[in-house]
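J.: got a structure for you, letters missing:
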C-alpha cells in the first residue's frame with residue numbers, strides 16, 4: 001500500500017512539473033556498465049547530437065533522457081573507456097543498457113574533475129574535484145602505499161593538518177568539518193598509525209568526489225566539505241584476484257560472481273607487519289593496523305538491486321606496555337535501488353557507523369575507552385522531469401550514541417576508581433529537495449533547500465550554572481575558569497534536552513560564454529550539530545566527539561564562491577580560478593589550561609565564537625599526451641575570534657581575530673605523470689605549504705625553584721614552512737599481457753631531499769649551556785619504498 005502511495009505521489013509530481021509530458025515524446029533510460037566486469041559507471045556522458053541533449057549517469061550508473069519520437073545517434077563517453085556510438089529509433093519508452101569496453105590508452109589519461117579530461121563548462125557545479133583511482137595509483141606515497149587522502153592534498157584549497165596526519169583541511173575549515181563517507185557510511189577517523197596510512201584501500205574504491213563548496217542539498221551535517229566515496233561492486237562475470245606486497249604492509253582483493261551476471265562479491269584485506277620485525281630485534285614498541293572491506297550485491301530484476309557493504313579496521317600502538325592506544329572504525333550498509341519508472345530512480349539505505357578508541361597509561365594507572373555510534377536511514381530520489389529539469393529529494397534520519405569515557409584501573413597498583421562519564425544521545429533529521437535546471441543554452445542553475453532538525457536526548461543528568469554560564473571569568477587574575485555547577489536537571493530516556501532547527505539553502509549558477517569559457521557562482525548554508533572537541537590541528541584518537549546542547553551550540557556556515565573556467569588548445573589544457581569567502585557562527589574554542597580527556601563536563605572549558613576564511617584558488621591542468629598533470633596554488637587566510645560575552649570580559653586573545661590552527665597562507669602543489677614507454681612510467685609531486693599556526697613561549701619565570709614558561713597570544717607564532725618532493729617509477733614487465741598473471745613493480749621515494757618538516761617544537765634548557773632552546777620534532781625523513789602489485 002505504501003509503495004502505491006509513493007508511486008502515486010511521484011507520478012503526480014511528474015505530471016505537474018513536466019514540460020514535455022506529451023504523447024509525441026518518449027523516454028530512453030537504462031544503466032551503463034564496464035563491459036569487462038559489469039561494474040556500473042558513475043558520471044558517464046550520454047550525448048544525443050540531433051536533439052542537442054545530454055545527461056550523465058547517477059551514483060548507480062542509471063540514466064534517463066526524454067526525446068521526441070524519431071531516429072537518433074547515441075554517443076556514450078567516459079574517461080578510460082572506448083566511446084560507444086549507436087543508432088536507435090525511438091517510437092516508445094525504451095530501456096537501453098550499454099556496456100563500455102576499457103580503452104588500451106588508459107595509462108595516458110588523467111581525470112581530476114568531473115569525468116572528462118577537461119572542466120565541465122556548462123554544468124552548474126563548482127568547487128568540486130574528482131580523482132580517478134588510476135591517477136591516484138600513479139602518485140608517490142609514504143612507504144610505497146597508495147594513500148587516497150594524501151592524493152586529494154594536491155588539489156587547490158586542500159591542506160594537511162600537519163606532517164604525518166591523514167586528516168585534511170578544506171578552505172580553512174577544521175578536520176571535523178569534513179563529512180567523509182564510504183558507501184554512504186560516515187567515517188570518523190580516516191587514519192591508520194596516526195597518519196602514516198589512510199583507512200581507504202585504493203584497490204577496492206570505485207569513485208571519489210570532493211565537494212569544497214556548492215554542496216548539494218542531499219548532503220548535510222558538516223560545515224567544511226564532503227568527501228564521497230564508493231566501493232567496487234565486484235566482477236559478476238569471472239573471478240579475479242589482485243594485491244600488492246610492500247615493505248611495511250600488504251593487501252589482497254578477491255572478487256567474482258555469486259550468481260553469474262546477477263550477483264557478485266568483493267572482499268579486500270590489508271595489514272601491516274613491521275611490528276613482527278621489531279619483535280625479532282627485541283624492540284619493546286609495536287604498532288600495526290589491519291582493515292577489511294566487503295561488498296555483496298544482488299540484481300533481482302531490471303528495477304531492483306540490493307547492496308550490502310562493510311568496513312572493519314583497527315589500530316594498536318604499544319610503547320613498552322606503558323602506553324597502549326587502540327582505535328578503529330566499523331561500517332555496515334544495506335542499500336536498495338528501485339526504479340519506479342523510466343523517470344524516477346530511488347535508493348534506500350540503512351547504515352551503521354562505529355568509531356571506538358581506547359587508551360591505557362601505566363604510569364597513571366588508567367584504562368580509558370570511548371566510542372561514538374550512529375544509526376542512519378536515508379531515502380533518496382532522482383526524478384528526471386525533463387531534459388531541462390532534474391529533481392533530487394529525500395529524507396535522512398540519524399540516531400547518535402556517544403560514550404565520552406569508560407574508565408577502569410590499569411595495573412595492580414592503580415589508584416584509579418572505575419567510572420562512567422555520562423553517555424550522550426541525539427537524533428538528527430533532515431528533508432531536502434533540489435533541482436538542476438537548464439534555463440537556456442548559456443545559463444544553468446542548481447538550487448535546493450535542506451531542512452535539518454536536531455534533538456539532544458536523555459537519559460542524562462545535566463549541570464546547571466549561575467547565569468547559564470559554564471565558564472566564568474576571574475577578573476582578579478584575568479583568566480577564564482571552570483564554573484561550579486549550581487545543581488542538576490535529570491532527563492529521562494529519550495526526553496529532549498535541547499532542540500535546534502535550520503533551513504539550509506543551496507545555489508549554484510553556471511553562465512557559459514561559449515563552449516570553452518564560463519563563469520560560475522555558488523552559495524551554501526550548512527549546519528553542524530556534532531563537534532570534535534580538540535586542542536590539536538588534526539584528528540587524534542584522544543579527541544572527543546560531542547553533540548550540541550544548551551552550552552555547545554551548532555555551527556552555522558555561510559559560504560559564497562565565484563569561479564572562472566576555461567578550456568583551450570582543443571581541450572588539451574584547462575584553467576580553473578575560484579575565490580571564496582566562508583563565515584561560521586558558534587565556532588567553539590577552549591580556554592587556557594583546558595583538560596579534555598575524561599572531562600565529565602566538557603562545556604566548562606569551551607567558549608563559543610566565530611570563524612572565517614577567504615582565499616583564491618588556481619589550477620592549471622595538462623589533460624592529454626605522455627606528460628599530464630596539474631599545478632595548483634591557493635592563497636588563503638583562516639581566522640577565529642572568541643570575543644568576551646560582555647564588556648568586562650576580554651575573550652580569547654583580547655577578543656581579536658587570530659590564526660586558526662589550520663591556517664595556511666600559501667599552498668602550492670605540482671603533480672606530474674609521464675608515460676615514458678609501455679613498460680615505464682614516472683610520477684612526481686612537489687608540495688609547499690606555509691607553516692602551521694602555533695603558540696611558542698615568549699619568556700620564563702621562577703616559582704618556588706621551578707622554571708615555568710610564559711606564553712603570549714594564541715597562535716601568534718608558526719612552524720617552519722612545510723615542503724617535500726616525492727618521486728615514483730612503475731615498471732610493467734609485460735604491458736601487452738591482458739590475461740593470466742600480470743605484475744608490476746612500483747618504486748617510490750618520499751621526501752627525496754630529506755626535508756625535516758616540523759610536526760611540532762619542544763622547548764627546554766640546554767644541559768651544557770644552560771640556555772633555553774627549541775628542538776624541531778619531525779616524523780618523516782627520506783623514505784624509499786618498493787611494492788610488487790599483481791592481478792590474475
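T.: Arrived safely, thanks for sending. Source: prediction; values computed, not measured. Residues are numbered from 1 along each chain as shown.
J.: what about stretch 55-69, start to end distance?
T.: End-to-end span of stretch 55-69 (C-alpha to C-alpha, to the nearest Å): 18 Å.
J.: Tell me which helix or strand in the chain has the weakest average pLDDT.
T.: Lowest by mean pLDDT, DSSP states H and E among the helices and strands of the chain is helix 2-17, with a mean of 50.
J.: C-terminal to it, which secondary structure element comes first?
T.: strand 25-34 (DSSP states H and E).
J.: Off-centre distance for that following strand?
T.: 31 Å (C-alpha atoms, centre = their mean, to the nearest Å).
J.: elements contacting that strand?
T.: Contacts defined by 3 or more C-beta pairs under 8 Å, 6 or more residues apart in numbering; DSSP states H and E place strand 25-34 against strand 62-68, strand 84-90, strand 94-95, strand 98-100. Where you see a C-beta, it was placed from the backbone N, CA and C, and this is true even at glycine.
J.: which regions of the stretch 1-150 of the chain lie under the pLDDT threshold?
T.: By pLDDT under 70, the weakly predicted segments of the stretch 1-150 of the chain are 1-23, 104-119, 134-135, 137-145.
J.: at 90 what do you get?
T.: Within the stretch 1-150 of the chain, the stretches with pLDDT under 90 are 1-31, 33-62, 64-96, 98-150.
J.: With the stretch 351-500 of the chain instead?
T.: Counting by pLDDT under 90, the stretch 351-500 of the chain has low-confidence residues at 357-370, 386-388, 404-422, 438, 440-441, 458, 475-479.
J.: And the strands in it?
T.: Along the stretch 351-500 of the chain, the stretches classed as strands by DSSP state E, counting those that start in this stretch are 366-386, 389-409, 419-420, 424-438, 443-457, 460-464, 471-474, 479-482, 487-491, 496-514.
J.: if we can go back for a sec, buried deepest among the helices and strands packed on strand 25-34, which one?
T.: Ranked by mean neighbour count under mean count of other C-beta atoms under 10 Å, the helices and strands packed on strand 25-34 are led by strand 62-68, which reaches a mean of 21.
J.: helices and strands around that one, which ones?
T.: So strand 62-68, by 3+ C-beta pairs under 8 Å, 6+ apart, packs with strand 25-34, strand 45-48, strand 53-56, strand 366-386.
J.: relative orientation of that strand and strand 366-386 in degrees?
T.: 10 degrees (axes from the mean of the first three to the mean of the last three C-alpha atoms, to 10 degrees).
J.: Okay, buried residues for the next helix-or-strand element following strand 62-68 please.
T.: Next in sequence after strand 62-68, counting helices and strands by DSSP H and E, comes strand 70-77. Buried residues in strand 70-77, defined by neighbour count with 16 or more other C-beta atoms under 10 Å: 72, 74, 76, 77.
J.: any idea how far the third one lies from residue 50?
T.: Spelled out, it's residue 76. Here residue 76 is placed at a distance of 15 Å from residue 50 (C-beta to C-beta, to the nearest Å).
J.: Please apply the same query to the second one.
T.: Per C-beta to C-beta, residue 74 is found 10 Å from residue 50.
J.: do the first one as well
T.: Applying C-beta to C-beta, the value for residue 72 to residue 50 is 5 Å.
J.: before we move on, back to that, relative to residue 470, which of the helices and strands packed on strand 25-34 is closest?
T.: Evaluated over the helices and strands packed on strand 25-34, closeness to residue 470 peaks at strand 62-68, with 50.1 Å, by C-beta to C-beta.
J.: Would you list the strands that that closest one pairs with, along with their directions?
T.: strand 25-34 (antiparallel) (DSSP bridges).
J.: got the angle between the partner strand and strand 84-90?
T.: Orientation of strand 25-34 against strand 84-90 (the same axes, to 10 degrees) gives an angle of 150 degrees.
J.: which other residues reach strand 25-34?
T.: Residues outside strand 25-34 that contact it (C-beta atoms under 8 Å, 6 or more residues apart in numbering) are 39-41, 44, 46, 57, 60-69, 74, 76, 78, 81, 88, 90-100, 102, 339, 342-343, 384.
J.: and with 6 Å instead?
T.: Applying C-beta atoms under 6 Å, 6 or more residues apart in numbering, the external contacts of strand 25-34 come out as 40-41, 44, 57, 61-62, 64-66, 68-69, 90, 92-99, 342.
J.: With stretch 414-431 instead?
T.: Stretch 414-431 is contacted from outside by 220, 365-366, 395-409, 450-457, 460, 529, 547, 600, using C-beta under 6 Å, 6+ apart.
J.: Whichever of those end up buried, select them in ChimeraX.
T.: Provided next is the ChimeraX selection string for whichever of the contacts of stretch 414-431 are buried by 16+ other C-beta under 10 Å:
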select :220,365,366,396,398,399,400,402,403,404,405,406,407,408,450,451,452,453,454,455,456,457,460,529,547
